[in-house]
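Peer 1: Any chance you can model this:
(2 chains)
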Amino acid sequence: DTAVSQTPKYLVTQMGNDKSIKCEQNLGHDTMYWYKQDSKKFLKIMFSYNNKELIINETVPNRFSPKSPDKAHLNLHINSLELGDSAVYFCASSLPGTGAPPLHFGNGTRLTVT
Amino acid sequence: AQSVSQHNHHVILSEAASLELGCNYSYGGTVNLFWYVQYPGQHLQLLLKYFSGDPLVKGIKGFEAEFIKSKFSFNLRKPSVQWSDTAEYFCAVRSSSGSARQLTFGSGTQLTVLP
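Peer 2: Here you go, the predicted model:
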């Protein structure tokens, strides 16, 4: 069984479109994240949700809006896509709290904006 | 704020060669340290972690890392690499009192092992 699953794996779209990426985890974790990995493989956190509540938003443009219908799901909706949004987006989950075990990542969604 | 530096951007080795990837961090307090590996087209997987105790940590697939507090380093080593070790390796750090969301990643080192 896949612990953290994301769909789609690949997403190619044009500038100005709106798209969504879905993420689900079956680990029973309370905390979920979205990370962006740019073309230089630099990995940066975008959002963190704890039990459906946003607890961090690292200066991400308003065009990005996470939605967490329940603690097992954290979807990412992107409005008015721009060329600079092209990247690999990783969903992850973990247990909450200090000293918590590290992240479990999904397989990533490669977004290409043309 | 904490930060992580991986000075080797791309390392190319032949099979059976020994590996050492550098990782240095900056943070004033006690830390937890991690190495993640990303095989081509796959997600990041935890290779090993250091929380406390013995500074020499052994991970999966024959990898190990040594935490040297005085040098703020957590270098990754493997005595003899295999072609299947070709991947991107990421070092990460967080405060030991921090949560997973405060994990800071380095920029990664691409390891290519030639058969």
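
Peer 1: does stretch A:41-60 come close to chain B?
Peer 2: Yes: contact of stretch A:41-60 with chain B (C-beta under 8 Å from any C-beta of the partner chain) involves A:41-45, A:48, A:55-56. The way it works is simple: take the backbone N, C-alpha and C, and place the C-beta from them, glycine included.

Peer 1: how many neighbours does B:Asn75 have?
Peer 2: 18 (other C-beta atoms under 10 Å in any protein chain shown).

Peer 1: so who does it touch?
Peer 2: Residues in contact with B:Asn75 (C-beta atoms under 8 Å, 6 or more residues apart in numbering or on different chains) are B:20-23, B:65-66, B:68.

Peer 1: Adding distance to B:Glu88, pLDDT and neighbour count as columns, could you present those residues in CSV?
Peer 2: Shown next, in CSV, are the contacts of B:Asn75 (distance: C-beta to C-beta, whole Å; pLDDT from 0 to 100; neighbours: other C-beta atoms under 10 Å in any protein chain shown):
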residue, distance to B:Glu88, pLDDT, neighbour count
B:Glu20, 16, 97, 12
B:Leu21, 11, 97, 23
B:Gly22, 15, 96, 16
B:Cys23, 13, 96, 26
B:Ala65, 16, 97, 26
B:Glu66, 21, 96, 16
B:Ile68, 23, 95, 11
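
Peer 1: Report the central residue of chain A.
Peer 2: Central residue of chain A (C-alpha atoms, centre = their mean): A:Trp34, 2.8 Å from the mean position.

Peer 1: repeat for chain B
Peer 2: B:Trp35 (3.4 Å).

Peer 1: who touches that residue in this structure?
Peer 2: Counted by C-beta under 8 Å, 6+ apart, B:Trp35 has contacts B:23, B:46-49, B:59, B:63, B:65, B:74, B:76, B:89-92.

Peer 1: For it, give me the pLDDT.
Peer 2: Model confidence at B:Trp35, expressed as pLDDT, equals 95.

Peer 1: ok, how many other residues are close to the residue nearest to B:Ser3 when sequence neighbours are not counted?
Peer 2: Closest residue in space to B:Ser3, ignoring its immediate chain neighbours: B:Ser26 at 5.0 Å, by C-beta to C-beta, 6 or more residues apart in numbering or on different chains. Per other C-beta under 10 Å, the neighbour tally for B:Ser26 reads 13.

Peer 1: restrict the contacts of B:Trp35 to those near chain A?
Peer 2: Among the contacts of B:Trp35, chain A is touched by B:46, B:49, B:90, B:92 when using C-beta under 8 Å from any C-beta.
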